[in-house]
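> model the structure of this input:
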Amino acid sequence: MIWEAMVREGVRVVYGHPGGAILPAYDLLSPYEKEGKIHHVLVRHEQCAAHMADGWARATGEVGVCVATSGPGATNLITGLATAQMDSVPIVAVTGQVPTNLLGTDAFQESDVVGVSAPVCKHNYLVTDVADLPLILKEAFHIAREGRPGVVLIDICKDVQNATGEFRYDFEIDLPGFEPWPNVDMDIVRTAAELINKAERPLVLSGHGVQLARMGRELLELVERAEIPVVTTLLGTGNIPESHPLSLGMGGMHGEAYANRAVQACDVLIAMGMRFDDRITGRLDSFAKQAKIIHFELDRAEVGKNVVPDVPVIGDLAETLPAMLPMIEER
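A predicted model of the protein is given here:
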């Protein structure tokens, strides 16, 4: 069930390290490898699996997948999963767990992986019944990629991996309380466009969210049309070519001095897909105090957390930025 679900979710590569509690799943992976449906990359340490799945997801836009055994195998994933979660990278991690009858007995390599991983995951599951597995797998990929992307961990007991059951995957899921992203508020988008058109010294501050939304081309169209210089965060590096005349490079404490001066001198700051962390802002009480701030952000929880914007544009950047482009005047 595990590998068939992954094939249907479009997974092409899996990074992992086998161990006793995940071996039943690994035994069933071989036919998928032989048929060229899934390529497994054997790592030397589980942390490598998490980081490699992270890198794959960033490079391709697909959900990264990593696999580990129970206990130390699963806990070795944590640093890589935390990195992906903080940077909004979609990953599904699959870990083995002791058989259900041994849960809570301190069996060999038993650990509360669900509890340990909760702070660094968007969601996680403990699977104790094979009948639940198809639904959990489908929900996991949906949660990982929709809304603000993140990490979902599935901890599967060993006896569940050995069990048989009916596999169905052609069903719709409805997750109560889960909002993938809000609808675009066109009035707010128009307000942002008007502010940009009236600005004398506009500046774009571009973050990792531009890459996650695959909006580099649209960003370039915006800044070239309105002649707006661009400063990037560390993870936003490459959103436009560094050689472009409008690129001022990276800002923040490790960035270019002139990039930081531009932030301090602009009258409208257009922040896209970034969270105003301390590495980019420095002292909040003196950050871009003269500027009106427009913040394009998917996650409502990030808006106003560090810097309160004048115009918060909430929604998927892949929708809000294209919606605003026709409203921007050429300079």
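> show me what contacts the closest residue to residue 144 other than its chain neighbours?
The spatial neighbour of residue 144 that comes closest, neighbours along the chain excluded (C-beta to C-beta, 6 or more residues apart in numbering), is residue 90 at 4.2 Å. Yep, even glycine has a C-beta here, placed from its N, CA and C like the rest. Contact partners of residue 90, counting by C-beta atoms under 8 Å, 6 or more residues apart in numbering, are 57, 62, 63, 64, 84, 144, 145, 149, 150, 151.
> number of residues surrounding the third one?
Taking other C-beta atoms under 10 Å as the neighbour definition, residue 63 ends up with a count of 23.
> ditto for the one 4 residues further on
Other residues lying near residue 67 total 28 when counted by other C-beta under 10 Å.
> who does it bridge with?
In this structure, residue 67 has beta-bridge partners residue 16, residue 94, where bridges are defined by DSSP bridges.
> I'd say it and residue 52 touch.
No - in this structure residue 67 lies outside contact range of residue 52 using C-beta atoms under 8 Å: 11.3 Å.
> any common contacting residues for the two?
Common neighbours of residue 67 and residue 52, using C-beta under 8 Å, 6+ apart, are residue 15.
> can you pull the contacts of the closest residue to residue 306 other than its chain neighbours?
Nearest residue to residue 306, sequence neighbours excluded (C-beta to C-beta, 6+ apart): residue 276, at 4.1 Å. Counting by C-beta under 8 Å, 6+ apart, residue 276 makes contact with 287, 305, 306, 307.
> and for residue 70?
19-22, 95-98, 109-111, 113, 158.
> and the strands in the stretch 201-331 of the chain, which stretches?
Defined through DSSP state E, counting those that start in this stretch, the strands belonging to the stretch 201-331 of the chain, from first to last, are 202-206, 230-232, 247-250, 268-272, 292-297, 311-314.
> ok so, going back, just the buried ones from the contacts of residue 90?
The neighbour-count test (16 or more other C-beta atoms under 10 Å) marks 57, 62, 63, 64, 84, 144, 145, 149, 150, 151 as buried among the contacts of residue 90.
> closest to residue 270 among the residues you listed?
When those are compared for distance to residue 270 (C-beta to C-beta), residue 149 comes out closest, at 22.4 Å.
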